[in-house]
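>>> Here you go, sequence then predicted model.
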Amino acid sequence: MDKKPSLETIVSLCKRRGFVYPSAEIYGGLNGVYDFGPLGSLTKQHIRQFWTNHLKKESDNIVFLEGPILGPTPMWQASGHLENFHDPMVDCLNCKKRFRSDEMDLEKACPSCGVKNWTDSRQFNLMFKTQMGAMVDQSSDAYLRPETAQAIFVNFKNVYSTSRIKIPFGIAQIGKAFRNEITPKQFLFRTREFEQMEIEWFCKAENSRKFFEFWLEARHRFYQNIGLNPDNVRFEAHKPEDLSHYSQATTDVEYKFPFGWKELEGIADRGNFDLTQHTKFSGKDLSVFDEETKESYIPNVVECSVGVDRLFLALMCDAYNEEEIDGETRIVLKLNPAIAPISAAIMPLIKKLSEPAQKIYDSLKFKFSMQYDESGSIGKRYRRQDEIGTPLCFTYDFDSENDNMVTVRERDTTNQTRISIDTIEDYIRKTLQT
Ligand code: ATP
């Protein structure tokens with residue numbers, strides 16, 4: 001299929017097959033929040049694993065961290081989020097709907113009610129605020145993190161002094177982030193609760209340009225390896241006049257979503273802004289001592305930050321295909337086998353053969369993400385697996401009892417071959433590695 005699927009097609013597949021549901025749907029849903037169902041949560045696990053493995057391939061000098069979701073007020077003052085993490089907002093005085101004013105033509109009428117009666121545009125802070133402890137006053141204010149990065153910066157010195165690691169090195173983290181987006185939209189693209197995968201790479205100032213280029217190339221390799229169609233991925237450098245005041249260079253990785261080219265990942269040389277700010281606000285010295293020059297310095301940071309959910313959406317859009325086979329249309333998700341929620345399905349040809357088929361399944365279920373499926377005709381079962389992206393189906397039939405072989409059917413080609421039962425494990429492993 002050359003044509004990209006519409007967003008509605010992807011939303012419908014995600015719901016139908018248990019990838020993604022609207023959150024708390026039985027209560028009418030929660031705007032900008034989604035629940036990941038059985039297949040969605042497996043897919044996300046595989047995305048996280050792929051990202052982590054990729055970092056390990058790129059460098060041995062990366063350690064991992066798990067910071068908290070809650071953060072204290074001074075930390076968000078230092079990071080600039082309390083003062084600057086705003087989007088401009090307008091209200092329609094007629095229908096009371098809210099919009100981001102930078103995405104609207106305020107000369108025109110409200111797209112929701114057709115009346116032109118706007119408030120002035122004003123800044124809206126995207127941080128979710130909460131209170132900690134029994135006392136409710138300003139000192140109990142805390143915020144849900146809008147990015148995972150700050151926990152990395154405030155732990156820089158802890159990690160540096162306890163991990164026997166030398167600059168240059170990276171601290172990576174995967175975790176939830178929260179932004180009170182004015183207009184969550186486009187399914188998983190812009191949500192209020194989402195997940196980020198971030199790496200902060202600490203280096204000397206004179207090397208930051210080199211490492212920025214290194215990470216651009218590394219992230220390019222990541223998108224190639226994960227299997228996104230290169231025609232749908234582009235790297236867009238920010239113009240110098242569009243850079244944040246602290247950023248020395250920023251490039252967005254963009255994906256061609258059904259609703260246009262949009263940011264998937266941000267790669268930035270952040271100078272030493274973050275550690276300098278936290279040094280200033282906390283009063284704690286976050287500099288390191290250079291044994292060669294005998295001088296202390298605050299390291300620069302190169303950051304790569306991608307949303308798990310946005311990447312999930314990009315992968316689903318990219319993998320979706322509708323194909324004609326034997327006069328029938330099949331829906332097939334041509335996901336990278338390492339990302340597909342189910343790596344392989346084991347099927348008895350008929351229910352009578354379930355016992356030996358189940359035995360094969362049991363021998364593999366702790367090694368791979370497996371599914372056992374015995375209900376419906378074999379053709380229907382293959383179609384079901386195609387639709388959720390399962391790269392391999394192994395069928396146990398009447399001959400299997402005698403020749404100790406099964407039929408393996410490949411998702412992309414629909415080719416079928418017979419292989420020995422003893423080699424199934426190897427077969428799956430090889431498929432996952434390609
Ligand atoms: P955008 O301009 O789309 O709001 P951003 O530049 O604010 O994104 P960053 O702060 O750079 O985003 O966050 C890094 C990554 O986190 C983004 O590239 C995206 O993949 C993800 N992300 C950010 N905001 C959201 C959101 N509201 N919903 C889902 N993913 C998000």
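Looks like it arrived, so ask away.
>>> Next, name the residue at the spatial heart of the protein.
residue 308 (1.1 Å; CA atoms, centre = their mean).
>>> Find the residue closest to that one in space, skipping its chain neighbours.
residue 195 (4.0 Å; CB to CB, 6 or more residues apart in numbering). Heads up, the C-betas are built off the backbone N, CA and C, glycines and all.
>>> Ok, residue 147 next?
Distance criterion CB to CB, 6+ apart; nearest residue to residue 147, sequence neighbours excluded, is residue 177 at 5.3 Å.
>>> what does residue 249 give?
In space, and not counting its chain neighbours, residue 249 is closest to residue 269: 4.5 Å by CB to CB, 6+ apart.
>>> Could you do residue 369 as well?
Residue 369 sits nearest to residue 343 (CB to CB, 6+ apart), 4.8 Å away.
>>> Which single residue in the stretch 251-400 of the chain comes nearest to the ligand?
residue 307 (2.8 Å; CB to the nearest ligand atom).
>>> Am I right that that residue is in contact with residue 193?
No: Residue 307 is beyond contact range of residue 193, at 11.2 Å (criterion: CB atoms under 8 Å).
>>> These two: which has the busier surroundings?
residue 307 (23 against 19; other CB atoms under 10 Å).
>>> Run through the bridge partners of the more buried one.
Beta bridges link residue 307 to residue 196, judged by DSSP bridges.
>>> Please apply the same query to residue 303.
Note on residue 303: beta-bridge partners by DSSP bridges are residue 200, residue 268.
>>> and it, what does it touch?
Residue 303 sits next to 149, 198-201, 266-268, 270 when contact means CB atoms under 8 Å, 6 or more residues apart in numbering.
>>> how long is stretch 152-159 from one end to the other?
End-to-end distance of stretch 152-159 (CA to CA, to the nearest Å): 9 Å.
>>> Near the ligand, list only the ones from the contacts of residue 303.
residue 266 (CB under 6 Å from any ligand atom).
>>> Up against the ligand, what does the stretch 1-150 of the chain have?
Residues of the stretch 1-150 of the chain lying close to the ligand by CB under 6 Å from any ligand atom are residue 147.
>>> And the strands in the stretch 1-150 of the chain?
20-22, 34-36, 62-64, 70-72, 86-91, 98-100, 122-125, 128-131, 141-144 (DSSP state E, counting those that start in this stretch).
>>> Pipe those strands into CSV and attach mean neighbour count per row.
What follows is the strands of the stretch 1-150 of the chain, written out as CSV (neighbours: other CB atoms under 10 Å):
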stretch, mean neighbour count
strand 20-22, 19
strand 34-36, 20
strand 62-64, 15
strand 70-72, 15
strand 86-91, 17
strand 98-100, 17
strand 122-125, 14
strand 128-131, 14
strand 141-144, 18
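>>> got CSV for those, with mean pLDDT and distance to residue 398 too?
Listed next are those as CSV, based on pLDDT from 0 to 100; distance: least, CB to CB, whole Å:
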stretch, mean pLDDT, distance to residue 398
strand 20-22, 97, 39
strand 34-36, 98, 39
strand 62-64, 98, 49
strand 70-72, 96, 59
strand 86-91, 95, 63
strand 98-100, 93, 62
strand 122-125, 94, 66
strand 128-131, 95, 59
strand 141-144, 96, 58
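>>> need these in TSV with distance to residue 379, can you?
Converted to TSV, the strands of the stretch 1-150 of the chain look like this (distance: least, CB to CB, whole Å):
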stretch	distance to residue 379
strand 20-22	27
strand 34-36	29
strand 62-64	44
strand 70-72	51
strand 86-91	50
strand 98-100	48
strand 122-125	53
strand 128-131	49
strand 141-144	48
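>>> between those strands, which gets nearest to residue 371?
strand 34-36 (17.2 Å; CB to CB).
>>> Paired strands for that closest one, with orientation please.
strand 20-22 (antiparallel).
>>> Name the residues that touch the partner strand?
Residues contacting strand 20-22 (CB under 8 Å, 6+ apart): 11, 14-15, 29-30, 34-37, 40, 187-188.
>>> Just give me the closest of these to residue 224.
Taking the contacts of strand 20-22 together and measuring to residue 224 by CB to CB, the closest member is residue 188, at 22.5 Å.
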